[in-house]
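S.K.: Build me a model:
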Amino acid sequence: MDVWGGRVKSVKRGPRSNRQTAYVNLKKVEGNGKLIHSVLATDDISLPEGWTAECLHQGYYVFSRKIKQEFNAQRLTLELSVDLPPSSDPVYHISSHGCVTDLGTVLKSTAKSFPDHISCILQCLDKVPICLGFVLEKEDIVTTLSPYITGQLRDLSDSGKEPETRVFSTTCQIICSSGEQCKNCCRLKAVNKQRQTRISCRQSIAPNCNKRFLSREELVDQLKQEQLRRRNAEMREKYWREKYNSESLVVDDEDHTDLFSIFKVTKQEHIPEMACLWEQQRKVLETTSKHGYRWHPK
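M.R.: Residues are numbered from 1 along each chain as shown. Okay, here's the model as predicted:
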């Protein structure tokens, strides 16, 4: 609404069995063709097959290539952005599946000129494998505290293959030297597996464990235990209240006077333990408020 003023809308198109999201009044246009073509003509940059180039503004170029995969129902692309400051060395970034990383020393080239350097990097990006994260099974959950990105990854080259739930680290390096994961995604997978192993081997949740570090299932278990302890406390209170009411004796003023007179005529040496008890009982009964109760430590 803010960008297009309501002219571009998201709608559903296609048969009911295969509905797809589409946009009305939205057209795909080429980038600043004159500027990028003039740069390509003068600098003679040779683009590998499948790569497209666009110049967003003077000194900032974007080279992109489509990948035969979909991530969260969006076509994946591999992009190389080149920033050419007038007074410093060029800066290279690559981005894919929502992650951006600086090439830095990952890819090195001996080419000195700008066109040769770009062509060399694009050829290297065609050869190196792209990080695919790690597979998350249907019943598994990510328990690590490290930031991550998760979504459905579909291989467009095999239409019969079901999409898989993949997890990427937010610091994914996008390209990997071997295997399907870069070193940051491998570290995320290892940390997640270690924490899942600790949770499965844990007999009970520690009482001082911070609740925000627990999973949803553990929070539900903690809530059930709290409810059970509350019901048991109520039952214990009811039991002792009934036991107290059934076994206790009510002493009125006349009985208290009789007991006090008996205590006065009884010798202290015959009741050494009861003397302190009755003395404290007398003081408590003479107080007008419960805030005046002061029991002897004995």
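S.K.: Quick one: the strands in this protein, in order.
M.R.: Remark: strands assigned in the chain by DSSP state E are 9-13, 20-24, 51-57, 60-71, 74-83, 91-96, 99-102, 134-135, 148-155, 164-169.
S.K.: Who are the packing partners of the second one?
M.R.: In this case it means strand 20-24. Applying 3 or more C-beta pairs under 8 Å, 6 or more residues apart in numbering; DSSP states H and E, we find strand 20-24 packed against strand 9-13. Any C-beta I mention is one placed from the backbone N, CA and C, and that applies to glycine too.
S.K.: Can you tell me the strand partners of the strand it packs on and which way each runs?
M.R.: strand 20-24 (antiparallel) (DSSP bridges).
S.K.: what distance separates the partner strand from the centre of its chain?
M.R.: Chain-centre distance of strand 20-24: 31 Å, with C-alpha atoms, centre = their mean, to the nearest Å.
S.K.: cool, and stretch 143-158?
M.R.: 14 Å.
S.K.: residues of it that come out buried?
M.R.: For stretch 143-158, burial by neighbour count (16 or more other C-beta atoms under 10 Å) applies to 143, 144, 148, 149, 151, 153, 154, 155.
S.K.: repeat for stretch 93-108
M.R.: Neighbour counts over stretch 93-108 (16+ other C-beta under 10 Å) mark 93, 94, 95, 96, 97, 99, 101, 103, 106 as buried.
S.K.: Next: stretch 155-170.
M.R.: Neighbour counts over stretch 155-170 (16+ other C-beta under 10 Å) mark 155, 164, 165, 166, 167, 168, 169 as buried.
S.K.: same check, this time on stretch 55-62
M.R.: In stretch 55-62, counting by 16+ other C-beta under 10 Å, buried: 55, 61, 62.
S.K.: Quick check, the second one in contact with residue 54.
M.R.: To tie it back to what came earlier, the one meant is residue 61. Yes - using C-beta atoms under 8 Å, residue 61 makes contact with residue 54 at a distance of 7.1 Å.
S.K.: Fine by me, thanks again.
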